[in-house]
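Peer 1: output the structure for:
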Amino acid sequence: MSVLRIILSFTVLSLLASCEIVEKPAIGGKGPLGLEISKGLSAPDYHNPKKIWMARHMDELNSGKYKTQECFVCHQHPDNFCNKCHDYIGAKKIIAVN
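Peer 2: Below you'll find the predicted structure:
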């Protein structure tokens, strides 16, 4: 029985040691998932608190309260902002239309 516990403990520890922490997209973050904000701009009040806005922004867009084109005033390059989060969660990519 103790040999089985040792093998099981070793297996669990090996699995835990091989787990990789995945970086999440973050405003001001470093690396490929750092979100870039256009310089000189500040987030509008309706973006606060940011965590709630990030979770519900598509509901707001789908309600017709805001238009996607309004997003591109600040988020001019979706691949530098929107699509990093969309790729991270597996959502449809945003394509900026000028």
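Peer 1: helix or strand right after the biggest helix by length in the chain?
Peer 2: Identified as the longest helix of the chain according to DSSP state H is helix 2-18. Using DSSP states H and E, the helix or strand that follows helix 2-18 towards the C-terminus is strand 26-27.
Peer 1: which outside residues touch the very next helix or strand once past that next one?
Peer 2: Later in the chain than strand 26-27, the nearest helix or strand by DSSP H and E is strand 34-35. Under the criterion Cβ atoms under 8 Å, 6 or more residues apart in numbering, residues 25-29, 80-81, 84-85 lie in contact with strand 34-35. For glycine as for every other residue, the C-beta is placed from the backbone atoms N, C-alpha and C.
Peer 1: H47 - how many residues pack around it?
Peer 2: Number of residues near H47 (other Cβ atoms under 10 Å) recorded here: 13.
Peer 1: look at the most centrally placed residue in the chain and give its secondary structure.
Peer 2: In the chain, the C-alpha nearest the mean C-alpha coordinate belongs to C85, at 3.2 Å (Cα atoms, centre = their mean). Here C85 is recorded as helix under DSSP: H, G, I helix; E, B strand; the rest coil.
Peer 1: just use 888 as the starting number from now, easier for me
Peer 2: Sure, I'll start numbering at 888, so the last one becomes C972.
Peer 1: from S901, how far off is it?
Peer 2: Distance, C972 to S901, by Cβ to Cβ, to the nearest Å: 32 Å.
Peer 1: cool, and K952?
Peer 2: As judged by Cβ to Cβ, K952 and S901 stand 50 Å apart.
Peer 1: next one: S950
Peer 2: Counting by Cβ to Cβ, the gap from S950 to S901 is 48 Å.
Peer 1: one more: E923?
Peer 2: E923 is 38 Å from S901, by Cβ to Cβ.
Peer 1: comparing the two, which shows the higher neighbour count?
Peer 2: Neighbour totals were compared for E923 and S901, and E923 leads with 15 against 9 (other Cβ under 10 Å).
Peer 1: shouldn't that one be in contact with N967?
Peer 2: Yes: counting by Cβ atoms under 8 Å, E923 does reach N967; the two are 4.3 Å apart.
Peer 1: tell me where the chain is predicted with low confidence.
Peer 2: The model of the chain has pLDDT under 70 over residues 888, 905-909, 984-985.
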